[in-house]
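Engineer: Could you work out the structure for the sequence below:
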Amino acid sequence: MLNYISAEWYKLRHTKGIFIAFGFLLLLISCFFVPAFWVESPTFEVYAGAYVVTLILGFFLAPVFAIRAFDDQYGRGTMKNEVVFGIPRYRIYLGKLIFGGMVGSVAAFLVLGVYLLLCFLTGGMADENAWLCVELCIQATLHVLPLWLSSLSLAFLLQVVVKSSGGAVAVNYLILLFTVPIAMVGGPEEHTSSFFMTFMSRWFFVAPFRGIYMSGAEFGILPNMAYSWLVGLGWILVASALGMLVFSRKEIN
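Structural biologist: Next up, the predicted model:
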C-alpha cells in the first residue's frame, strides 16, 4: 500500500495543474486581506469567524481532489493496466482514496497556516483575543476534517461507479447542491420531522457543520468534536466499503 501511495505522490509531483490551481486559491485568500494594508483592519475575531463560516466550501472542493486521485483512469484506459499487472483492486481503491485524502488534508492545513499568517501580518497580533482566535480556527479545521473526508469518499465512490469522470462530478455537485442546504437547516422541531429530514439534519456528513457554523458566526464555543468524527468516520467507512464492492465487480475495459 505504501509503495502504491508513493507512486501516486510521484505522479502528483509531475502534475503542474494542481499546483497552479492551489496557488490561485492562496492568491484569492490573500486578496481578502489586501484592503487591510491601507484601511483599518477588521478584528481577528472577524477574520476567525469568516474562516469558520467559509469552511463549508471544502465540501465543494472535495470532488476536485477525487478527480485528481482517480485521474480519469476509465477515460484514459490506464486502469486496465494496473488490474492486469496484478495489483489487488482493494489496494487500487484504498490507495487512491488515501492519497486523495492526504493531499486534501495537507492543502487544508496549508490554507489554515497562510490564513493565520495573513491575520497576524495585518495587525492580528495586537488583538487581545488573538490566540483564542487561532485556537478557534485550528479546532474548527479539526472538526471539519472528517466531514470533508466524507465528502471526498462520496466523490471518489462516484468516480468509480460512473464511467465518465465528468458525469461523476456533475452528479456529485447536484447531490451537494441539493443536500447541503437541507442538512444546514435544523431546529427544535427536528424530532417531529420525517425520517429523511431527521437523517439529513443529524447524520448526513454535512449535519455536524451546522453547529460549527453557528459557533463561528457567534464566536462561541465549538460543539463536541466527537460528533463530527463519529459521523465522518461512519460515512468514510460506508462509502469506502460500497465503493470497493462495486469496483471489485466492475468490468474494466
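
Engineer: Whichever strand or helix holds Leu12: which residues count as buried?
Structural biologist: Assessed by DSSP states H and E, Leu12 sits inside helix 2-13. With burial defined by 16 or more other CB atoms under 10 Å, the residues of helix 2-13 counted as buried are Tyr4, Ile5, Glu8, Leu12. Bear in mind the C-beta positions are built from the backbone N, C-alpha and C, glycine included.

Engineer: At which residues are the helices of the stretch 51-200 of the chain located?
Structural biologist: Along the stretch 51-200 of the chain, counting by DSSP state H, counting those that start in this stretch, helices occupy 57-70, 73-76, 79-84, 89-121, 130-161, 165-183, 195-202.

Engineer: I'd like the buried residues of helix 2-13 laid out as JSON lines, including distance to Ala239 and pLDDT.
Structural biologist: Putting the buried residues of helix 2-13 into JSON lines (distance: CB to CB, whole Å; pLDDT from 0 to 100) gives the following:
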{"residue": "Tyr4", "distance to Ala239": "20", "pLDDT": "71"}
{"residue": "Ile5", "distance to Ala239": "19", "pLDDT": "74"}
{"residue": "Glu8", "distance to Ala239": "19", "pLDDT": "71"}
{"residue": "Leu12", "distance to Ala239": "22", "pLDDT": "71"}
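
Engineer: pLDDT below threshold where in the stretch 151-253 of the chain?
Structural biologist: Low-confidence segments of the stretch 151-253 of the chain, defined by pLDDT under 70, span residues 186-193, 214-223, 253.

Engineer: let's see 50
Structural biologist: Counting by pLDDT under 50, the stretch 151-253 of the chain contains low-confidence residues at 188-189, 217.
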